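> whatever this is, show me its structure:
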Amino acid sequence: MSRIICCLLIFIWNPNKAFADLLEELDFKHGISFFHELKYPSNYTHLEYLNPEAPKGGKLVLPWGFSFDTFAPLSLGETGAPSGYHFQDEPLIVRGGDEFAAFYGRLADGIAVPEDKMAIVFRIHPEAVWSDGVRVSAHDVVYTFEQNMSQIGAGYFFSFIDSIEAIDNQHVAIRLNTPLTYDHVALIQYQGIMPEHYWRDRDPTKHTLEPPIYSGPYRVKDVKFGRYIEYERREDYWGWQLPLNKGRYNFDSIRYEVYLDATVARQAFLNGLLDILDVDDIRHWVNAFEGQKMSQGLIKKARRNYGIWVGMGKAFVLNSRLPRLADRRVRKALTLSLDFEWINQKFYYGDRMRAKSFWPDTILEAKGMPSVDELKLLTKFKSVLPAEIFEQPFELPTAGSDTKFRNNLIEAKQLLESAGWRIKNGELRNSSGQHFTLELLSYDAANARILLPWFNSLNQLGISANVRLVDISQYTNRMRKHDYDAFVQSYDFVIPPTLEARSNFHSSAVIGEGSRNYTGVNSPVVDYLIETAEQAVTLEELIAASRALDRVLMWNYHLIPLYAYDARRTIHWDKFGRPPHPKYRPAYPDGWWYDKNKAARVSAASK
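You can find the predicted model right below:
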């Protein structure tokens, strides 16, 4: 049985002894992993999924779907500029793209963890400097985390941190109030470090048009807020020789052009104003780019995975805080009233895979009957769980034909009646005479085309359903207050999903403005399974808890899944080289490079 491997030489931790006195006892390592050994040794030369011989040069132009109005890194109520994959900022550590749960040093060149796992210590790389030449220090790390932890809502994500201490200029210790887990390290690696000396007399939350100082491989070359931003590669970047950067950040310049309208963006691509375009609408993926340029091979289609991001690409989310949606039978009836097979053929060319799990197509997806290890976790709650969990595998209702769908609606009607809802004069009402209505909140009018067929089916059950279209600010405000019956949303998770599972489904997040528990799940069983997954030491323990959690959530029908995340559909002009995409983090766009020969062919054919 594989035990948690931190890939660190463990030292004995004395909480009463100052960190400064313990430095000589620490043996810092280059990475840290959970549930498996690190793939790359301390003397690794490059990551296998990058091309260390990739040529430098050229320009990449990408679309950006949102306007932006500030460079403030902690701006409240404003939209920051697109920043790519650590083009400017750098975290202490980064995740390995071809490993399940491994992290390697970036700004930090060493990591150490005490035996009781109540702290994690980082050693700042001695060559790391900001773009103004000032050396990166442990005090920058302390400043960054303190600033972030003071922001509204951040306390929930950083609640595991007890304190942060700069031991000296090169070493920083993060003391924890609970033993170190994968989730803690995952959160730490998301945090780009800010220079204290730059922000000391500035406010990182306030609007600014001045590009800040960073330590990363690119700097801002040109910008017009709301229109475009262009980055240029820094020849003086300190980290070019880091093994994890070999073959990365190959373009001399990267430009983001703002396109708020997808139709305009597609035309811009066809006119050669954009190099790469993600195509979310399958109709356009199938039809919009066919023609001479495609047949000549000047334009190529590609699919790239979402890496560590898995989940549901689209789902109808139900707010079980509301009395009429609190009954599992009602939620199952609403699920039965959706004909996914018809929607898939009509709107998605049959190309979508139904999501039958919160983390589909992973080792954590619940399939078949519960395993022995799952049953050990579930049996103690047998009296409060749906009996089906122990009797049959979970399957979503299928239709695809009039007969099958008619039978689904009959079952839905029976479930609603058992929950106290009956059709009277064409309207579904309860014993108090309350009419069953369902308002779906949305800011995107395009959702209507997949909602209307479902609404027509609900109408056959006596349910009056409608879409409430609002602007993005109203939508955000109502979502924060959980002021909705239902809405359309993707449900994505980083593998392993323990971090998002807590924020999405734990009872501690069910109450309070701004929480991400949108479904209103409030279950001691779910809490127990989330906490068990968080505390898992072996991969086997993580699998059992995650599958059991998946099973309980799916059988309770808190949302109506449509399709699962599948490989991203990308169209691009054939003037680039690209490495094979690793399983857990695609090397895009930071691993692509400009191919002069291909680019010359495209240019000649376009004249």
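> mind checking how far the closest residue to Val470 other than its chain neighbours is from Ala567?
Nearest non-adjacent residue to Val470, counting by CB to CB, 6 or more residues apart in numbering: Tyr443, 5.8 Å away. Using the backbone N, CA and C atoms, a C-beta is placed for each residue, glycine as well. Taking CB to CB, to the nearest Å as the measure, Tyr443 and Ala567 are separated by 27 Å.
> and these two? which has more neighbours close in?
Comparing Tyr443 with Ala567 by other CB atoms under 10 Å, the one with more neighbours is Tyr443, at 18 against 12.
> in terms of contact, does the more buried one touch Ser473 like I think?
No - counting by CB atoms under 8 Å, Tyr443 stays clear of Ser473, with 9.0 Å between them.
> which residue of the protein sits farthest from its center?
Most distant residue from the mean C-alpha position of the chain: Asn425, 45.6 Å away (CA atoms, centre = their mean).
> show the pLDDT at that one.
At Asn425, the pLDDT value in this model is 94.
> how about Asn466?
96.
> what's the neighbour count on it?
12.
> mind listing what's buried along whichever strand or helix holds it?
Element membership of Asn466 [criterion: DSSP states H and E] is strand 464-469. Neighbour-count burial for strand 464-469, with 16 or more other CB atoms under 10 Å as criterion, is recorded at 465, 467.
> how about stretch 32-45?
By neighbour count on 16+ other CB under 10 Å, the buried set for stretch 32-45 is 32-36, 38-40, 44.
> quick one, helices of the stretch 401-550 of the chain?
Taking DSSP state H, counting those that start in this stretch as the test, the helices found in the stretch 401-550 of the chain are 402-418, 448-460, 472-480, 498-505, 524-534, 539-555.
> next, format the ones you listed as CSV and append mean neighbour count, mean pLDDT and distance to Gly226.
Below are the helices of the stretch 401-550 of the chain laid out as CSV (neighbours: other CB atoms under 10 Å; pLDDT from 0 to 100; distance: least, CB to CB, whole Å):
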stretch, mean neighbour count, mean pLDDT, distance to Gly226
helix 402-418, 16, 96, 46
helix 448-460, 16, 94, 28
helix 472-480, 14, 90, 15
helix 498-505, 22, 88, 31
helix 524-534, 20, 96, 41
helix 539-555, 23, 97, 40
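> okay, these in JSON lines with distance to Asp280 next?
Formatted as JSON lines, those follow (distance: least, CB to CB, whole Å):
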{"stretch": "helix 402-418", "distance to Asp280": "27"}
{"stretch": "helix 448-460", "distance to Asp280": "13"}
{"stretch": "helix 472-480", "distance to Asp280": "17"}
{"stretch": "helix 498-505", "distance to Asp280": "22"}
{"stretch": "helix 524-534", "distance to Asp280": "31"}
{"stretch": "helix 539-555", "distance to Asp280": "25"}
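> indicate which one of the ones you listed is closest to Ala288.
With CB to CB as the measure, helix 448-460 is the member of those nearest Ala288 (17.1 Å).
> elements contacting that closest one?
Judged by 3 or more CB pairs under 8 Å, 6 or more residues apart in numbering; DSSP states H and E, helix 448-460 is in contact with helix 340-348, helix 402-418, strand 437-442, strand 464-469.
> closest to Ser508 out of the ones you listed?
Closest of these to Ser508 is strand 437-442, at 24.3 Å (criterion: CB to CB).
> the closest one: partners in the sheet, and parallel or antiparallel?
The pairing partners recorded for strand 437-442 under DSSP bridges are strand 464-469 (parallel), strand 486-494 (parallel).
> contacts for that strand, please.
Outside of strand 437-442, the residues within contact range by CB atoms under 8 Å, 6 or more residues apart in numbering are 316, 334, 447-448, 451, 458, 463-470, 475, 478-479, 484-488.
> closest to Asn245 out of the helices of the stretch 401-550 of the chain?
helix 498-505 (26.0 Å).
> can you give me the neighbour number for the closest residue to Arg331 other than its chain neighbours?
Spatial nearest neighbour of Arg331, excluding adjacent residues (CB to CB, 6+ apart): Tyr557 at 3.9 Å. For Tyr557, the neighbour count with other CB under 10 Å is 23.
> quick one, what contacts His184?
For His184, the residues meeting the contact criterion (CB under 8 Å, 6+ apart) are 120, 160, 176.
> give the contact list for the nearest residue to His207 once chain neighbours are set aside.
Leaving aside its sequence neighbours, His207 sits nearest to Thr70 (CB to CB, 6+ apart; 4.9 Å). Thr70 makes contact with 78-81, 207-209, 225, according to CB under 8 Å, 6+ apart.
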